[in-house]
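A.B. asks: Fold the following.
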Amino acid sequence: MEAVIAVVALLFVLLVVLGAYATVKAVGAAKRGVDRTITQARRTVEDTTLRARSLAQPGPVGQLADLRLKLRSSMRATQEALQAGVGEDESLKESLTLFEQLSKHGRELDDELRRLEPEPDRAKLSQLLPALRERTERIIKSADSLRWAAHDRARKFAEDGLDTLSAQIDVEAGALRHWTTEPESVWPQAPETHTPEVRKPKAQASKAEPTPVWPEAPKPESSASTGQTWQETPESRTAEESPRPAITPPAARPTYPWQKKPRPESTT
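C.D. replies: As a prediction, this is how the structure comes out:
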C-alpha cells in the first residue's frame with residue numbers, strides 16, 4: 001500500500017513539474033511575441049514619422065530624417081535576408097558575423113542622427129550633413145553588398161538544382177517512352193556485296209557480227225537403201241544433245257531380217 005502511495009505521489013510531483021515548465025515556456029513565448037509585436041509597432045511608428053518628417057520638413061532636419069530612413073531600411077532588409085539564408089547555407093554564418101559588426105556602426109550612426117534632429121543651429125547642422133551622408137552611404141553600400149551576394153548565391157544554387165532535376169526528369173521521361181526508340185540489332189549486319197554489272201555490248205548497225213555456220217551433221221541413210229524407217233524420238237533427241245563421253249563403247253552390230261542364223265557346227 002505504501003508503495004502505491006509513493007508511486008502516486010511521484011506521478012503527482014512529475015505532473016506539477018511538467019505543468020510548471022509548460023507554463024513558463026508558454027509565458028516566455030507569449031512575452032517574446034508581445035515584445036516582437038511592440039518592437040514592430042514601434043519600428044513602424046518611427047519609420048512613418050521619419051517618412052513624414054523627410055517630406056514635410058525641408059532643410060537639414062528633413063535630410064537627417066531621410067538618411068535615417070534609408071539606413072534603417074537597408075540594415076533591416078540585410079539582416080532578414082542573412083538570417084533567413086543561414087539555416088540553409090552554412091557559409092552565410094561568416095557573412096552574418098560581418099553584418100553584426102557593421103550593425104554596430106549603423107546603430108551608432110542612427111543614434112547620432114537622432115540626437116542631431118532637435119539641433120537648433122541649422123548652419124552647424126548643414127556643415128555636418130556631408131560627412132554624415134558619406135558615412136550613411138558607406139554603411140548602406142556594405143549592407144546592400146552582403147544582401148545581394150546572399151540573394152545571388154541562393155539563386156545560383158536554385159538554378160543548379162533545377163538544371164540537375166531537369167536532366168534527371170529528361171532521362172526518366174526517355175526511359176518511360178522506351179517504345180519510341182528503335183532497338184539496335186544484336187548481330188552486326190553483313191556488308192553488302194556489290195555484284196559487278198555485266199555490260200551488254202551495244203548493237204551496232206554498221207558492223208554486225210556474222211553468225212557462225214557450223215557443218216551439218218551427217219544424215220542417216222534413207223530407208224530405200226536400208227529398208228528401215230528412222231523416226232526421231234525424244235530418246236534419240238536427248239542422246240544427240242547430251243555430250244559424248246571421252247571413250248565411246250563399241251556399237252552393237254545391227255541385225256537384218258534377211259540374214260540367216262548361223263548354224264551350229266556339227267560335232268560329227
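A.B. asks: give me every residue that touches Asp110.
C.D. replies: Residues near Asp110 by C-beta atoms under 8 Å, 6 or more residues apart in numbering: Arg68, Leu71, Arg72. Heads up, the C-betas are built off the backbone N, CA and C, glycines and all.
A.B. asks: Enumerate every residue touching Arg76.
C.D. replies: The neighbourhood of Arg76, defined by C-beta under 8 Å, 6+ apart, consists of Arg43.
A.B. asks: Same question for the one 3 residues further on.
C.D. replies: Contact criterion C-beta under 8 Å, 6+ apart gives Phe99, Ser103 as the residues in contact with Gln79.
A.B. asks: got a winner among the contacts of Asp110 for most neighbours?
C.D. replies: The residue in these with the most neighbours, by other C-beta atoms under 10 Å, is Arg68 (25 neighbours).
A.B. asks: In the stretch 1-150 of the chain, where is pLDDT below threshold?
C.D. replies: Scanning the stretch 1-150 of the chain for pLDDT under 70 picks out nothing.
A.B. asks: what's the burial count for Gly87?
C.D. replies: 8.
A.B. asks: again with the one 10 residues further on
C.D. replies: Burial measure for Thr97: 11 neighbouring residues, criterion other C-beta under 10 Å.
A.B. asks: just the one 4 residues further on next, same as before
C.D. replies: Taking other C-beta under 10 Å as the criterion, the count of residues near Gln101 is 9.
A.B. asks: In terms of helices and strands, where is it?
C.D. replies: helix 92-116 (DSSP states H and E).
A.B. asks: Now the element after that helix, going C-ward?
C.D. replies: Taking DSSP H and E, what comes next after helix 92-116 is helix 122-176.
A.B. asks: What is that following helix packed up against?
C.D. replies: Where contact means 3 or more C-beta pairs under 8 Å, 6 or more residues apart in numbering; DSSP states H and E, helix 122-176 is packed against helix 60-85, helix 92-116.
A.B. asks: now the angle from it to helix 60-85?
C.D. replies: Computed with axes from the mean of the first three to the mean of the last three C-alpha atoms, to 10 degrees, the direction of helix 122-176 lies at 30 degrees from that of helix 60-85.
A.B. asks: can you state the direction angle for helix 122-176 and helix 92-116?
C.D. replies: 160 degrees.
A.B. asks: With Ile5 as the reference, name the closest of the helices and strands packed on helix 122-176.
C.D. replies: helix 60-85 (52.3 Å; C-beta to C-beta).
A.B. asks: From Phe157, how far off is Glu108?
C.D. replies: Glu108 is 35 Å from Phe157, where distance means C-beta to C-beta, to the nearest Å.
A.B. asks: Revised request: answer the last question for Asp89.
C.D. replies: 7 Å.
A.B. asks: same question, Val7
C.D. replies: Distance from Val7 to Phe157, by C-beta to C-beta: 55 Å.
A.B. asks: Could you do Ala26 as well?
C.D. replies: Taken as C-beta to C-beta, the span from Ala26 to Phe157 is 38 Å.
A.B. asks: Cheers, nothing more for now.
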